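K.L.:
Build the 3D model from these lines:
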Amino acid sequence: MTMRLKDILSIVVRLSAGEVLYLSGGYLRDLLLGRDSHDLDFTVARHPRRIATSFADLIGGSYFLMDEEHQVHRVVRGDFKYDFSLMRAKSIQDDLRLRDFTINALAIALDDKLSVSGELDVTKLIDPCRGVGDIKGKKIRVAYRGAFVDDPIRMLRAVRLAGELGFEIEEETLRLIAGHKHLINVRRQPTAEGGLPKGLSGERIRDELEKVLSLNNSYRYIRQLDRLRLLGLIIPEIEPMKGAEQGGYHHLDVWEHSLAVLESLETILANTDAHFGDLGGEVVGHLEQEMSGGRPVSTVLKLAALLHDVAKPETKVINEEGQIKFYGHESSAIPTVLGVAHDLRLSAHERSLLRDIVANHMHVGHLSRDVPPTKRAMLRFFRKAGGAAVPVIVLALADGQAIGGIYTNPDLYGKLLSTVRCLLDFYYTELKAEKPPRYINGNDILNSFPVKEGPIIGRLLEGVEEAAVEGKVKSREDALRLVAEMLQEKKNEKVL
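P.N.:
A predicted model of the protein is given here:
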């Protein structure tokens with residue numbers, strides 16, 4: 001059950017026991033913008049831990065220490081987060097001057113009278129950095145010139161807030177980013193001055209990047225991160241993609257194509273019914289599933305869109321006909337992709353999903369050469385792609401749209417779209433709805449035929465499964481008969 005603001009303020013004021021107490025930060029910014037906010041920040045002169053733990057006990061929330069250095073204590077209950085921070089200066093005005101951006105450098109004093117009414121009088125806002133004016137002007141501006149030195153992650157946050165709020169980063173703040181971008185150091189290498197940059201970790205960088213990717217139009221802000229030369233510091237593996245020509249039907253270099261794929265992907269996700277028909281809702285539901293840390297599948301898919309061709313520069317060859325080729329670039333990308341996932345501290349599930357999307361992204365295009373694909377071919381695709389299958393299908397369509405050459409031919413694009421719809425229909429109406437029965441297992445084969453344990457058993461079972469999907473195997477006897485035929489074929493080929 002969601003608690004009323006009046007009840008929250010009443011509890012916090014009571015727990016503060018007369019100590020100086022303020023509501024501050026992003027909640028007040030969002031209040032002025034008419035935006036819902038689930039994050040409340042309280043600034044106290046003393047005892048933030050005592051207040052936070054007592055508050056957690058009273059509302060049934062979970063407490064943890066968010067930032068030991070700055071004494072930030074967090075309570076989480078449902079979708080709501082409550083931060084209790086120790087004042088970092090002698091006055092609230094000076095404390096606010098140490099915040100990241102002017103639009104967040106706002107506070108309002110809390111007392112018994114306010115807790116009773118539950119109403120926040122915005123005319124009493126404490127605004128030493130003129131943040132209200134920047135909110136009205138839709139500007140992202142640092143609260144003080146040393147903001148990025150004290151916490152370099154704020155450079156990424158500036159871009160993220162611009163995307164979330166529809167604001168623009170003002171010129172002086174852009175110049176400060178240009179002058180301090182070197183402090184974004186995902187590899188955790190010593191700076192020129194010696195030592196590691198303050199406050200940076202793969203987890204914090206990941207969280208800001210994920211919030212950018214969660215935007216419906218993230219491609220604009222990924223491009224801004226790139227223009228500001230921040231993205232290449234976060235993911236240096238993208239740099240060789242820039243200027244890497246592809247030739248043939250590709251009209252963009254590898255990096256620009258990858259950005260175009262992200263844009264196409266977001267266009268598709270904004271109108272799934274137009275691309276996937278009645279299964280659009282199923283696709284959206286799949287991509288909205290939460291993974292570790294509450295991050296959805298769609299953010300991993302968007303990262304895959306940026307990295308799916310990351311190995312093209314290293315696999316580029318020119319064949320005898322003078323054509324540029326990238327043989328095996330999807331499999332060659334795996335070590336690089338896993339390296340990026342490690343640096344960004346992705347969870348094991350996220351790492352495996354990212355790897356499998358990139359490794360399988362060419363498969364759907366290959367299937368579109370023969371439309372419609374057979375059930376056997378589709379089953380092999382889903383077996384190979386595993387849990388990444390639906391994201392792979394969506395990425396393949398975005399990839400095709402972004403190529404801009406071969407798939408501008410309506411017939412070729414029509415084949416790709418038809419294949420995508422065939423795969424989704426097969427997955428949701430047949431494969432997921434009712435998996436074919438397993439008429440036999442490995443022991444049945446070992447007990448019935450003169451074969452030894454090994455990969456051959458798995459291949460035989462896959463053949464039986466494919467035949468069952470096609471309706472050619474309908475019983476245990478059919479399955480054993482097919483195994484006998486496959487073994488005889490292999491014997492004739494002298495495989496065994």
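
K.L.:
mean confidence for stretch 99-111?
P.N.:
Averaging pLDDT along stretch 99-111 yields 94.

K.L.:
Ok, stretch 417-430 next?
P.N.:
The model assigns stretch 417-430 a mean pLDDT of 93.

K.L.:
how about the helices of the stretch 301-450 of the chain, start to end?
P.N.:
Along the stretch 301-450 of the chain, counting by DSSP state H, counting those that start in this stretch, helices occupy 312-315, 329-332, 334-343, 348-359, 363-367, 375-385, 389-403, 410-426, 442-448.

K.L.:
May I see these organised as JSON lines, with mean neighbour count and distance to residue 106 added?
P.N.:
The C-beta positions use only the backbone N, C-alpha and C, and glycine is treated the same way. Shown next, in JSON lines, are these (neighbours: other Cβ atoms under 10 Å; distance: least, Cβ to Cβ, whole Å):
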{"stretch": "helix 312-315", "mean neighbour count": "19", "distance to residue 106": "47"}
{"stretch": "helix 329-332", "mean neighbour count": "18", "distance to residue 106": "49"}
{"stretch": "helix 334-343", "mean neighbour count": "17", "distance to residue 106": "35"}
{"stretch": "helix 348-359", "mean neighbour count": "20", "distance to residue 106": "35"}
{"stretch": "helix 363-367", "mean neighbour count": "20", "distance to residue 106": "49"}
{"stretch": "helix 375-385", "mean neighbour count": "18", "distance to residue 106": "48"}
{"stretch": "helix 389-403", "mean neighbour count": "25", "distance to residue 106": "40"}
{"stretch": "helix 410-426", "mean neighbour count": "18", "distance to residue 106": "47"}
{"stretch": "helix 442-448", "mean neighbour count": "13", "distance to residue 106": "66"}
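
K.L.:
now for the ones you listed, which one comes closest to residue 232?
P.N.:
helix 334-343 (12.2 Å; Cβ to Cβ).

K.L.:
Could you name the helices and strands sitting against that closest one?
P.N.:
helix 297-307, helix 348-359 (3 or more Cβ pairs under 8 Å, 6 or more residues apart in numbering; DSSP states H and E).

K.L.:
what's the angle from it to helix 348-359?
P.N.:
Going by axes from the mean of the first three to the mean of the last three Cα atoms, to 10 degrees, helix 334-343 is angled at 150 degrees with respect to helix 348-359.

K.L.:
Counting neighbours, what do you get for the nearest residue in space to residue 330 that is not next to it in sequence?
P.N.:
Nearest residue to residue 330, sequence neighbours excluded (Cβ to Cβ, 6 or more residues apart in numbering): residue 362, at 5.1 Å. Applying other Cβ atoms under 10 Å, we find 18 residues neighbouring residue 362.

K.L.:
Isn't residue 362 up against residue 331?
P.N.:
No. Assessed by Cβ atoms under 8 Å, residue 362 is found out of contact with residue 331, at 9.5 Å.

K.L.:
Then residue 31 would be within a helix, right?
P.N.:
Yes. Counting by DSSP: H, G, I helix; E, B strand; the rest coil, residue 31 is found in a helix.

K.L.:
Quick check: residue 449 touching residue 483?
P.N.:
Yes. Here residue 449 reaches residue 483: they are 6.6 Å apart, a contact under Cβ under 8 Å.

K.L.:
ok, those two, which is more surrounded?
P.N.:
It is residue 483, of residue 449 and residue 483, that has more neighbours when counted by other Cβ under 10 Å, with 22 against 14.

K.L.:
As a markdown table, the helices and strands packed on helix 334-343 with mean pLDDT would be great.
P.N.:
Formatted as a markdown table, those follow (pLDDT from 0 to 100):
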| stretch | mean pLDDT |
| --- | --- |
| helix 297-307 | 97 |
| helix 348-359 | 94 |
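
K.L.:
Output these as CSV; include the columns distance to residue 392.
P.N.:
Converted to CSV, those look like this (distance: least, Cβ to Cβ, whole Å):
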stretch, distance to residue 392
helix 297-307, 9
helix 348-359, 5
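
K.L.:
Between those helices, which one is closest to residue 326.
P.N.:
Once these are compared by Cβ to Cβ, helix 348-359 is nearest, at 13.2 Å.

K.L.:
tell me the domain boundaries of the chain?
P.N.:
1-131, 138-234, 253-402, 442-492 (automatic domain parsing).

K.L.:
so can I have JSON lines of those domains showing distance to residue 245?
P.N.:
Listed next are these as JSON lines, based on distance: least, Cβ to Cβ, whole Å:
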{"stretch": "domain 1-131", "distance to residue 245": "40"}
{"stretch": "domain 138-234", "distance to residue 245": "19"}
{"stretch": "domain 253-402", "distance to residue 245": "6"}
{"stretch": "domain 442-492", "distance to residue 245": "40"}
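
K.L.:
what's the neighbour count on residue 477?
P.N.:
11.

K.L.:
Please, which helix or strand holds it?
P.N.:
helix 476-492 (DSSP states H and E).

K.L.:
quick one: the strands in the stretch 201-350 of the chain?
P.N.:
316-318, 324-326 (DSSP state E, counting those that start in this stretch).

K.L.:
Highest mean neighbour count out of those?
P.N.:
strand 324-326 (a mean of 17; mean count of other Cβ atoms under 10 Å).

K.L.:
nearest spatial neighbour of the residue nearest the centre of the chain, skipping sequence neighbours?
P.N.:
Geometric centre of the chain, nearest residue: residue 299, 2.2 Å, by Cα atoms, centre = their mean. Ranked by Cβ to Cβ, 6+ apart and with sequence neighbours excluded, the top spatial neighbour of residue 299 is residue 213, at 4.5 Å.

K.L.:
need the contact list for that neighbour.
P.N.:
Counting by Cβ atoms under 8 Å, 6 or more residues apart in numbering, residue 213 makes contact with 222, 299, 302, 303.

K.L.:
And these, which is closest to residue 153?
P.N.:
residue 222 (16.8 Å).

K.L.:
Strands of the stretch 1-150 of the chain, start to end?
P.N.:
With DSSP E, counting those that start in this stretch as the definition, the stretch 1-150 of the chain shows strands at residue ranges 21-24, 39-44, 62-67, 72-77, 80-86, 107-109, 139-140.

K.L.:
where among these is the average confidence lowest?
P.N.:
When I compare those, strand 62-67 is least confident, with a mean of 88.

K.L.:
Show residues contacting it.
P.N.:
49, 52, 53, 56, 72, 73, 74, 75, 76, 77, 83.

K.L.:
Please report the number of neighbouring residues for the fourth one.
P.N.:
When you say that, I think you mean residue 56. 20.

K.L.:
still on that earlier bit, mind putting the contacts of strand 62-67 into CSV with distance to residue 227?
P.N.:
What follows is these, written out as CSV (distance: Cβ to Cβ, whole Å):
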residue, distance to residue 227
49, 42
52, 40
53, 44
56, 42
72, 32
73, 37
74, 34
75, 38
76, 35
77, 39
83, 32
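
K.L.:
Filter the residues you listed down to the buried ones and hand me the PyMOL line.
P.N.:
To isolate the buried members of the contacts of strand 62-67 in PyMOL, using 16 or more other Cβ atoms under 10 Å:
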select buried, resi 52+53+56+72+73+74+75+77+83
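
K.L.:
quick check, nearest of the contacts of strand 62-67 to residue 444?
P.N.:
residue 76 (51.0 Å).

K.L.:
Would you quantify the distance from the closest residue in space to that closest one that isn't next to it in sequence to residue 74?
P.N.:
Closest residue to residue 76 apart from its sequence neighbours, by Cβ to Cβ, 6+ apart: residue 62 at 4.9 Å. Counting by Cβ to Cβ, to the nearest Å, the separation of residue 62 from residue 74 is 9 Å.

K.L.:
ok, residue 149 - how many residues close by?
P.N.:
For residue 149, the count of nearby residues is 15 (other Cβ under 10 Å).

K.L.:
I meant to write residue 120 there.
P.N.:
17.
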